[in-house]
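J.: After the sequence you'll find the predicted model.
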Amino acid sequence: MISRQKIWISRFAVAIGILVLLYLFPLFRVVSLDDANEASAKASAAKFDPIVFVDQFWNDKLLASKANAVDALELVNEIQANPGKVRQARGRQVGLSQSYFLTVTGVGRVVSVEKNSVGLAITDQSVEAEVVLESGILFGNTVRDGTGLLDVNEFQNTQDFNAISTELNRRIEADVLPTLRDIATSGTEIEFAGCAQVSDESTDLNPLRVVPFFVEAK
């Protein structure tokens, strides 16, 4: 009889212990609807907004990067003298890619106007386009990666990083390219700043194709 009592006492103690543990460490937690809505609102507020980001980046950093860009006249002279040295002297490589980027600024004279591009002569004696400004629909990551101002490791995921490219291209198409098309008449001098991606030096350096983020008639 005594042993049976001990068994029941032991079982009761175990049951009490389990109940205490479940109270302290519940298997699930009931969250009120208000708390759930508040958590959802905070998550939405923290969601990355590429439009807001690009607007700040554009005004605070991108336009300011013009001051550190390669001078177009110097670059064209270097390309003509020794194109093989441009990568090492001026280029910026991203990751393991064989392509490299250039950020360039300068003044050129309009020598050609096509549907999706404007050709500029940079040197005084040239009558051929030495720099071509893209003026059509934009794709790719040339401006995002060209300046070196943005690092993928600073973003939560690649989706946010790619959204920056899309918004930068949209912003250029909306704010820069209409101005470029308006001022691009033969003989006009245009001040510009932009980025170029060089994948094949035999075709991409002469003329140098630039996605502009700043243009202005001189």
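T.: That came through, no problem.

J.: Identify the residues contacting the closest residue to residue 100 other than its chain neighbours.
T.: Leaving aside its chain neighbours, residue 100 sits nearest to residue 91 (3.5 Å; criterion: C-beta to C-beta, 6 or more residues apart in numbering). For glycine as for every other residue, the C-beta is placed from the backbone atoms N, C-alpha and C. Applying C-beta atoms under 8 Å, 6 or more residues apart in numbering to residue 91 gives the contacts 100-102, 198.

J.: And residue 131, by the same measure?
T.: Residue 131 neighbours (C-beta under 8 Å, 6+ apart): 72, 76, 104, 106, 108, 119-120, 122, 192, 207-210.

J.: Just give the nearest non-adjacent residue to it, would you?
T.: Nearest non-adjacent residue to residue 131 (C-beta to C-beta, 6+ apart): residue 120, at 4.7 Å.

J.: Same question for residue 78.
T.: residue 86 (6.0 Å).

J.: element containing the one you found, please.
T.: Applying DSSP states H and E as the criterion places residue 86 in helix 86-90.

J.: Following element in sequence after that helix, please.
T.: In N-to-C order, the element after helix 86-90 by DSSP H and E is strand 100-113.

J.: Output that following strand as PDB - backbone C-alpha positions only.
T.: Provided in PDB are the C-alpha atoms of strand 100-113 (Å, rounded to 0.1, in the frame of the first residue of the first chain):
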ATOM      1  CA  TYR A 100      34.800  46.600 -65.900                       C
ATOM      2  CA  PHE A 101      33.200  50.000 -65.400                       C
ATOM      3  CA  LEU A 102      34.200  53.600 -65.900                       C
ATOM      4  CA  THR A 103      32.700  56.800 -64.500                       C
ATOM      5  CA  VAL A 104      33.400  59.600 -66.900                       C
ATOM      6  CA  THR A 105      32.600  63.300 -67.200                       C
ATOM      7  CA  GLY A 106      33.300  66.000 -69.800                       C
ATOM      8  CA  VAL A 107      32.100  68.100 -72.600                       C
ATOM      9  CA  GLY A 108      31.500  66.800 -76.100                       C
ATOM     10  CA  ARG A 109      30.200  68.200 -79.500                       C
ATOM     11  CA  VAL A 110      27.200  66.500 -81.000                       C
ATOM     12  CA  VAL A 111      28.200  64.800 -84.300                       C
ATOM     13  CA  SER A 112      25.300  62.300 -84.600                       C
ATOM     14  CA  VAL A 113      21.800  61.800 -83.300                       C
END
